[in-house]
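# below: sequence and its predicted model.
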Amino acid sequence: MTSFVSDQSAATVIIVHGAFEHSGRYDDLASQFHRDGFDVIYDDLPGQGRSPGKKGHIKSFHEYIETIQKWIEKADPDKPVFLLGHSMGGIAVIRTMQKVKPQVEGVILSSPAAGILNGAEKPMEIASYILNRLSPRLRVKASLQPNLITRNEKVILKDEDDDLILDKVSIRWYREFKQGIKEAFRHTDQFPDVPLLVMQAGDDRIVDVSKTKEWFHKIDLTEKSYKQWPGLYHEIFNEPEWPMVYEYSLNFMQLQLKKTKL
């Protein structure tokens with residue numbers, strides 16, 4: 001687990017990365033949050049990065065929920081906590097909120113994977129139901145092209161040489177991910193009344209923007225905000241315009257912290 005902790009920090013940000021990637025890709029973001037007065041906790045989700053076990057494989061989506069819950073428990077209990085989930089990590093955060101209902105000050109979702117563009121072809125989609133029973137650990141090619149997730153050339157070049165980025169995932173992982181999305185929609189009424197900021201890439205080549213909006217509008221909260229970033233690709237925190245995205249997130253968290261002092 002990676003953490004930036006200071007006695008002077010006002011709150012804790014827990015960062016949950018997306019599919020195929022790993023927590024190390026968030027080092028710069030975590031450092032920036034820490035410079036701006038936040039503790040930061042983040043690590044690799046099961047089956048990804050340097051986490052133990054078979055790469056690209058999970059037995060259940062609940063493994064992600066349990067992992068996020070452990071990260072929350074690692075945070076300073078005397079400081080407010082914010083959850084930030086990107087893409088599949090956004091779905092994992094949603095399901096954690098619905099299932100565990102942790103005490104957090106706010107939730108930020110970055111291009112949450114409420115709907116996938118260009119998923120498995122229909123024959124493979126059908127076959128995956130059968131293979132999930134017969135050979136759930138079977139891994140298939142399913143990588144994300146760096147130039148489809150960001151327009152940032154530096155990030156693209158770095159990702160092309162990153163051995164920790166997955167290019168295969170198991171049949172069980174795929175089915176559990178899909179089920180996680182279904183559950184996120186099915187249990188919108190179970191999402192606790194916590195301030196929510198959803199930020200969606202406007203030119204997303206990975207997730208279906210309309211599904212992000214659909215999920216957002218189903219959620220009944222006292223305070224929720226939707227911000228779409230025109231022209232930005234999927235990884236809004238890696239785009240050339242990332243300072244604006246970061247500032248928007250920072251303002252959201254600082255506003256919530258001000259409310260606690262009123």
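Sure thing, it's come through.

# mean pLDDT per helix and strand in the chain: which one sits at the bottom?
helix 122-134 (a mean of 72; mean pLDDT, DSSP states H and E).

# helix or strand right after that one?
With elements assigned by DSSP states H and E, the helix or strand that comes after helix 122-134 is strand 139-141.

# elements contacting the helix or strand just after that following strand?
Next in sequence after strand 139-141, counting helices and strands by DSSP H and E, comes helix 146-149. Applying 3 or more Cβ pairs under 8 Å, 6 or more residues apart in numbering; DSSP states H and E, one finds that helix 146-149 contacts helix 153-160. In short, each C-beta sits where N, CA and C put it, glycine included.

# list the contacts of the helix it packs on.
With contact meaning Cβ atoms under 8 Å, 6 or more residues apart in numbering, helix 153-160 is reached by Arg25, Pro146, Asn147, Thr150, Ile165, Glu235, Asn238.

# out of these, which end up buried?
Using 16 or more other Cβ atoms under 10 Å as the burial test, the contacts of helix 153-160 include Arg25, Pro146, Thr150, Ile165, Glu235, Asn238 as buried.

# give me the number of residues near the residue nearest to the first one when sequence neighbours are not counted?
Put plainly, it is Arg25. Distances taken as Cβ to Cβ, 6 or more residues apart in numbering place His17 nearest to Arg25, at 6.7 Å, with adjacent residues excluded. By other Cβ atoms under 10 Å, the residues close to His17 number 24.

# quick one, what contacts His17?
His17 sits in contact with Ser23, Arg25, Tyr26, Tyr42, Asp44, Leu45, Gln48, Gly49, His86, Gly89, where contact means Cβ under 8 Å, 6+ apart.

# in helices only, show me these.
Gly89 (DSSP state H).

# what would the contacts of His17 look like in JSON lines with distance to Phe4?
Formatted as JSON lines, these follow (distance: Cβ to Cβ, whole Å):
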{"residue": "Ser23", "distance to Phe4": "12"}
{"residue": "Arg25", "distance to Phe4": "16"}
{"residue": "Tyr26", "distance to Phe4": "11"}
{"residue": "Tyr42", "distance to Phe4": "9"}
{"residue": "Asp44", "distance to Phe4": "17"}
{"residue": "Leu45", "distance to Phe4": "19"}
{"residue": "Gln48", "distance to Phe4": "21"}
{"residue": "Gly49", "distance to Phe4": "18"}
{"residue": "His86", "distance to Phe4": "18"}
{"residue": "Gly89", "distance to Phe4": "18"}
